[in-house]
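A.B. asks: Below: sequence and its predicted model.
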Amino acid sequence: MTPTPTPRHRRVQPRARRRVATLGAAIALVAGSQAAAGPGTTTAAALGSSATAATQAESTTSERYIPAGWPNPENTGHSGTLKPMQGRTVTRNGAVIKNRVISGQMTIRADNVTLSNVFIKTGDYYGILNYGDNLRIEHSTVEGKAPYTLAGIAAINGGDFIARKVEVRGSEDGVRLGDDSILARSLIHKLAGDRSSHYDAVTADGHTGWRIRRNTILNQKGQTAAVWVGDSRYAPSAGKLRRNYLAGGGYTVYSGTGETRGKRKGIRITENVFSTRFFDRSGYYGVVYDWRKRGNTWSDNTWVDGPRRGRLVRP
């Protein structure tokens, strides 16, 4: 299916700049290796091989096994018999759409809309694109089509949502949160795109008041992130990443400057478990990129498997 000509909405972190960040991580890794090896190494060759490896790396580990108690395909997403419906733009406040299998993109331009027990199969740029306040998405599945679908769920231009018990798969980015958005008890996995894609399972960079809690968030690709919650080059972020099962990406978490003005408490990353299911360091390069202590909190994060199982994860 050819996507409709919807513009690529992204308030911060344009794709070209995200590529710079990913290659920057490769440079940092190579620089560290060269420092340890001493003089005589070939910087250009090392950088080229490392950046290429990161871009091409993709774990072949099966996603079937997710530890008990975490969101998985059996306890998230839609269920039962659904009636067919075409994707559309919703403009009526308080609209409720439930028990539907939807072909195409749902664009929400109204407040207090509810999507319940729906299965969205899209070959457009988005599964759900939300401009409205207080969108609720529950017990639903969003399945994108590579390489067209940029994000399964995305908030834009001040839109916010609460997504619970949702499964998102088959898109380049899984879920893009806006200010005061919540993602809970959901499964974000099986990212898909093409050679130019830069994958994030969940993003909240440049936004405040977001909460990401009790999810399974997986990026089987060896670049960018499972969760991108901050970027020191752009607007500070503030929110909570708490009690999630995380794995994959170039770095599993991308962090940065935390917003601490007023009642904001920066980026709080607490009580998460990190898995080595895809890569030995959780992410291809490591656990977290650009962690900044000032104004932010990192505590009680642990390894859930691998040789360091049960130990604290250090940023």
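C.D. replies: Cool, got the structure.
A.B. asks: For the rest of this, base every contact and every neighbour count on C-alpha atoms.
C.D. replies: OK.
A.B. asks: Would you map the strands across the stretch 1-150 of the chain?
C.D. replies: Counting by DSSP state E, counting those that start in this stretch, the stretch 1-150 of the chain has these strands, from start to end: 83-86, 89-90, 96-103, 106-108, 114-121, 126-130, 135-138, 141-143.
A.B. asks: in the third one, what counts as buried?
C.D. replies: Spelled out, it's strand 96-103. Within strand 96-103, the residues scored as buried using 16 or more other CA atoms under 10 Å are 98-103.
A.B. asks: related to what we said a few turns ago, highest average neighbour count across the strands of the stretch 1-150 of the chain?
C.D. replies: Stretch with highest mean neighbour count among those: strand 126-130 (a mean of 29; mean count of other CA atoms under 10 Å).
A.B. asks: before we move on, the earlier item: redo the strands of the stretch 1-150 of the chain as a markdown table? Include mean pLDDT and distance to Arg233.
C.D. replies: Shown next, in a markdown table, are the strands of the stretch 1-150 of the chain (pLDDT from 0 to 100; distance: least, CA to CA, whole Å):
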| stretch | mean pLDDT | distance to Arg233 |
| --- | --- | --- |
| strand 83-86 | 99 | 40 |
| strand 89-90 | 99 | 34 |
| strand 96-103 | 99 | 37 |
| strand 106-108 | 99 | 30 |
| strand 114-121 | 99 | 34 |
| strand 126-130 | 99 | 25 |
| strand 135-138 | 99 | 29 |
| strand 141-143 | 99 | 31 |
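A.B. asks: Could you export these as JSON lines, including distance to Gly170?
C.D. replies: Formatted as JSON lines, the strands of the stretch 1-150 of the chain follow (distance: least, CA to CA, whole Å):
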{"stretch": "strand 83-86", "distance to Gly170": "19"}
{"stretch": "strand 89-90", "distance to Gly170": "22"}
{"stretch": "strand 96-103", "distance to Gly170": "14"}
{"stretch": "strand 106-108", "distance to Gly170": "16"}
{"stretch": "strand 114-121", "distance to Gly170": "10"}
{"stretch": "strand 126-130", "distance to Gly170": "10"}
{"stretch": "strand 135-138", "distance to Gly170": "18"}
{"stretch": "strand 141-143", "distance to Gly170": "5"}
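A.B. asks: His198: which of those strands is closest?
C.D. replies: strand 126-130 (15.7 Å; CA to CA).
A.B. asks: partners of that closest one in the sheet?
C.D. replies: Here strand 126-130 has these sheet partners by DSSP bridges: strand 106-108 (parallel), strand 151-155 (parallel).
A.B. asks: how far off strand 114-121 does it point, in degrees?
C.D. replies: 160 degrees (axes from the mean of the first three to the mean of the last three CA atoms, to 10 degrees).
A.B. asks: who's in contact with strand 126-130?
C.D. replies: Contact partners of strand 126-130, identified using CA atoms under 8 Å, 6 or more residues apart in numbering, comprise 104-109, 120-121, 142-144, 149-156, 159-161.
A.B. asks: Out of the strands of the stretch 1-150 of the chain, the one nearest Tyr199 is which?
C.D. replies: strand 126-130 (14.6 Å).
A.B. asks: Can you dump the C-alpha atoms of the closest one in PDB for me?
C.D. replies: The C-alpha trace of strand 126-130 is given here as PDB (Å, rounded to 0.1, in the frame of the first residue of the first chain):
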ATOM      1  CA  TYR A 126       1.200   6.200  11.400                       C
ATOM      2  CA  GLY A 127      -1.200   3.800  13.000                       C
ATOM      3  CA  ILE A 128      -2.600   6.500  15.400                       C
ATOM      4  CA  LEU A 129      -1.600  10.200  15.000                       C
ATOM      5  CA  ASN A 130      -3.100  12.200  17.900                       C
END
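A.B. asks: Secondary structure element for the most centrally placed residue in the chain, which one?
C.D. replies: Centroid check for the chain by CA atoms, centre = their mean gives Val202 as the closest residue, at 1.5 Å. Taking DSSP states H and E as the definition, Val202 sits inside strand 200-203.
A.B. asks: Would you mind pulling the contact partners of that strand?
C.D. replies: Counting by CA under 8 Å, 6+ apart, 172-177, 188-189, 191, 217-219, 224-229, 249 sit against strand 200-203.
A.B. asks: Could I get the full set of helices for this structure?
C.D. replies: 15-37, 43-56 (DSSP state H).
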